[in-house]
Structures are given as C-alpha cells and as structure tokens.
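Q: Mind looking at a prediction? Sequence and model below.
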2 protein chains.
Amino acid sequence: MVVHTRTPRGQGRPRLLEAAGELFAERGVSGTSLQSIADRLGVTKAAIYHQFASKDEIVIAVAEPVIAHLAELADAAASTTPQAGRAVVIAGLVDLATAQRGTAAIMRRDPSMSQILNNHEPYMVQIARIDAVLLGPDPSPERRVALAFAGGGIAVGGELAGLEPATLRTALIAAMTRALETP
Amino acid sequence: MVVHTRTPRGQGRPRLLEAAGELFAERGVSGTSLQSIADRLGVTKAAIYHQFASKDEIVIAVAEPVIAHLAELADAAASTTPQAGRAVVIAGLVDLATAQRGTAAIMRRDPSMSQILNNHEPYMVQIARIDAVLLGPDPSPERRVALAFAGGGIAVGGELAGLEPATLRTALIAAMTRALETP
DNA sequence: GTCTATAAGGGGATAGAC
DNA sequence: GTCTATCCCCTTATAGAC
C-alpha cells in the first residue's frame, strides 16, 4: 500500500517526527508552532515544509507508528482466545503508553490532536478494533464506563515519572486489568 | 444592513467564563482565541479585556470554581475518618468530572491548561491535599501509579456521552474505588 | 535539502471615543 | 461596558536562490 517512500537517507524525517512528538507532548499540538520544531532541529521552517505539506500532516505522521502498533495488537488478539487477546492488548497498550515521551498519551489527551485523529479513518478503525477486544460482545454500560476510565488511566498513568520502568509497567498492567474486570 | 442588535446575552463575567470553559473543553486553551470567545458572546475582544487583563487570567478564573470544590472536599475529608474521607473525595471528584461540560477534565488533560495551573499555587495546594487523602501514609509505588491512573480515568470517563447521568456516576464511583483498592 | 524573503492573516493586547 | 481602530509580533504557508 505504500507508494513511494524512497528516503534511505533517514536523517530528516525521523528526526523531525521525534522532535515534533516531544513538543506535542510538552505543549500540545496547538501550543507547538512549526517555528519551535524548526528551532529544536536547528533548521528553518521552510526546511520542514520541504518534507510535509502542512502541520496536520506532521500530526498524522507522528501518530502513524502508534496506529501501526494498535493494528498489530488487534491482529494478535484476533488470532487467539478472547481472554488471551485481552491480556495481549492490555500489555501492548501499556507498552505504548510508557514508550518515548508520551506520544501515545497525547493522542488521547490533547484536544487538537483528538480533533485531527477523529477525522483520520485509519486511527478510528484501529481504536474500534481495540475497543471491541476489550469490551467483548454486548457490553453493559458499566463496562463502557470502565473502558473509557481505563483509557484515560493509561494515558495519564503512562507519563508518571520517577519510577522504575519495570515497576510502572507491572503496576499499570495490574491497574488496567483490574479496571476492566467489570461485569 | 444591521449594524448591531442589542446583545441579550447574560451579564458579563459569569457568561464569559461559561463560554470560555466550553471552548477550552472543545478545543483546548491554546486552540481557543480570545476572538472565538468574543464571537460566541457576540461582543468584541476589547470587551473581554475590560474584565480580564490577560488570557491566563481567564484560564485561572475558569478553574477557580473547581479549585474551590477541591478545597471543600479536602476539608470534608479532614473532618472524618480516613476511610470515610476517601469515599467523600471519590464521590466529589466524580461529581466534579461529570459536571458542566468537562471543565474539570480539561484541567487535567490539556497541556496548556496544566502548564498554567502548575504555576498556580492555590491549585497545587488543593491537589496535594486531595492526593494525600487518596494515597494515605507511606504509599507504595503501586499505589502512586493507581492514583495517577484513577486521575486520568475520571478525567476521560467523566466525559462519556450517551449514558444516564446516574448510571455514569455510579459506574465511575465504582471504577475509582476499585482503582484505588491497591495495597 | 536547506536557505532568505515575503505574503497573508491571526494572535494578544492597548488607546480612547461613546 | 462596549465599541472602533490600531500596534506589534507570531503563525502558517509559498517562491525561488544555492
């Protein structure tokens, strides 16, 4: 499905997305100007426009690896039992939430980011798949609340600083599991 | 050509804060211009500056009722047993999170809002008091994670649409209580 | 790929009339 | 209290040189 992507000289784009992701996490999307991204990279705005046509395109590109990870989790869950699938998804979501400076978390928290992603079909598709795995068939209202609660929980909990990564991971998986143990 | 009809909008300050709070919740603080607030009220930007010296001042003013509510909860908790205090705080936080358009939720989610509030002592003081009630003495790392998780959980869960308010409230209290049942 | 330069517009904020 | 008018800076985005 990928058309071109002939960019073996991988300095520009990945570095740009990393810087953008960090700034989005710190200040939010609306609070991050292209100028500030350029400054962090030591280049000018025009250099950024050479690689991306618009700010929204950068936002989507930052989210893309996360969306790909969500797709993998949903695939993995689909090839096993419901219970095992839920465990896989929970562990995977925790890993996503604790990875690299909260890029995943900001996708759920930042209003500007949400607005863009809610109009980005690939994201919505994967979110729906993940939700279906975690909810199961015919979910009760209580279960829906528990899912929303758990979603917000990892987004914020994943950014907790000052803990051993392994401790954080274990505690978050426990918290997620407990949150979703609703009838 | 109608130049301008009488603006039958409500009285200045409360009306302004209501509009600002709604817009902050929808688009985030950075995503909300003073112009957009003025537009929603049917006035000009200059009219807003008659009541507030800066945008930050509006943000703080929007947060103030929530901060006052937090103070009340912490006070109530201080005048009873630890267990009863925790229950009071949990119920109060759920009420805050589900009340009026997610003003409370945005305080925890929006990066720009957080940045302003983290430098606003009255907010930090009340948050510390609430956290102390929920954590208890000598909290384990797991308990700290559970608290962060629960904080994110209500912020997101409180905005869930399409449920009976009473159902949402009960389910959120249950979710919060369960999340904080960590040793 | 990166630069300089600039367009075109919006942002926060202020002055002063009514 | 609200208006008009304005200031100045920053924003997104484009054009074209190297």
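A: Perfect, I can see it now. Residues are numbered from 1 along each chain as shown, chains lettered A, B, ... in the order given.
Q: any idea which helix or strand carries A:Glu142?
A: Under the criterion of DSSP states H and E, A:Glu142 resides in helix A:141-157.
Q: correct me, but A:Ala47 touches A:Ala38?
A: Yes - using C-beta atoms under 8 Å, A:Ala47 is in contact with A:Ala38, at 6.7 Å. In this view, the C-beta of every residue, glycine as well, is placed from N, C-alpha and C.
Q: In space, what's closest to the residue most central in space within chain A - neighbours in sequence excluded?
A: Per C-alpha atoms, centre = their mean, the C-alpha nearest to the average position across chain A is that of A:Ala104, at 2.7 Å. Excluding its sequence neighbours, the residue lying closest to A:Ala104 (C-beta to C-beta, 6 or more residues apart in numbering or on different chains) is A:Leu96, at 4.4 Å.
Q: What average pLDDT does the one helix or strand A:Gln126 maps to get?
A: Following DSSP H and E, the helix or strand that holds A:Gln126 is helix A:121-135. For helix A:121-135, mean pLDDT is 98.
Q: can you pull out the helices in chain A?
A: All helices of chain A, identified by DSSP state H, fall at A:12-27, A:34-41, A:45-49, A:55-78, A:82-98, A:103-109, A:111-117, A:121-135, A:141-157, A:165-179.
Q: and those helices as TSV, adding distance to DNA strand D?
A: Below are the helices of chain A laid out as TSV (distance: least, C-beta to the nearest atom of the strand, whole Å):
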stretch	distance to DNA strand D
helix A:12-27	10
helix A:34-41	4
helix A:45-49	4
helix A:55-78	4
helix A:82-98	26
helix A:103-109	16
helix A:111-117	11
helix A:121-135	20
helix A:141-157	24
helix A:165-179	32
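Q: want to throw those into JSON lines with distance to B:Asn118?
A: Formatted as JSON lines, these follow (distance: least, C-beta to C-beta, whole Å):
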{"stretch": "helix A:12-27", "distance to B:Asn118": "12"}
{"stretch": "helix A:34-41", "distance to B:Asn118": "19"}
{"stretch": "helix A:45-49", "distance to B:Asn118": "29"}
{"stretch": "helix A:55-78", "distance to B:Asn118": "24"}
{"stretch": "helix A:82-98", "distance to B:Asn118": "21"}
{"stretch": "helix A:103-109", "distance to B:Asn118": "15"}
{"stretch": "helix A:111-117", "distance to B:Asn118": "18"}
{"stretch": "helix A:121-135", "distance to B:Asn118": "29"}
{"stretch": "helix A:141-157", "distance to B:Asn118": "14"}
{"stretch": "helix A:165-179", "distance to B:Asn118": "21"}
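Q: can you list the weak-confidence ranges in chain A?
A: Per-residue confidence for chain A (pLDDT under 70) gives these ranges: A:1-11.
Q: ok, back up a step: to B:Leu147, which of the helices of chain A lies closest?
A: helix A:141-157 (8.8 Å; C-beta to C-beta).
Q: Report all helices and strands that that closest one contacts.
A: Counting contacts by 3 or more C-beta pairs under 8 Å, 6 or more residues apart in numbering or on different chains; DSSP states H and E, helix A:141-157 packs against helix A:82-98, helix A:103-109, helix A:121-135, helix A:165-179, helix B:141-157, helix B:165-179.
Q: Just the buried residues of it, please?
A: A:142-157 (16 or more other C-beta atoms under 10 Å in any protein chain shown).
Q: can I get the CA coordinates of that helix in PDB?
A: Taking only C-alpha atoms (Å, rounded to 0.1, in the frame of the first residue of the first chain), the coordinates of helix A:141-157 have been written out as PDB:
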ATOM      1  CA  PRO A 141     -23.000   0.500  30.300                       C
ATOM      2  CA  GLU A 142     -20.700  -0.200  33.300                       C
ATOM      3  CA  ARG A 143     -18.300  -1.900  31.100                       C
ATOM      4  CA  ARG A 144     -18.300   1.000  28.700                       C
ATOM      5  CA  VAL A 145     -17.500   3.400  31.500                       C
ATOM      6  CA  ALA A 146     -14.800   1.100  32.700                       C
ATOM      7  CA  LEU A 147     -13.200   1.100  29.200                       C
ATOM      8  CA  ALA A 148     -13.200   4.900  29.000                       C
ATOM      9  CA  PHE A 149     -11.900   5.100  32.500                       C
ATOM     10  CA  ALA A 150      -9.100   2.600  31.700                       C
ATOM     11  CA  GLY A 151      -8.200   4.600  28.500                       C
ATOM     12  CA  GLY A 152      -7.800   7.800  30.400                       C
ATOM     13  CA  GLY A 153      -5.900   5.900  33.100                       C
ATOM     14  CA  ILE A 154      -3.100   4.600  30.900                       C
ATOM     15  CA  ALA A 155      -2.800   7.900  29.100                       C
ATOM     16  CA  VAL A 156      -2.100   9.700  32.400                       C
ATOM     17  CA  GLY A 157      -0.500   6.900  34.300                       C
END
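Q: Much appreciated, bye for now.
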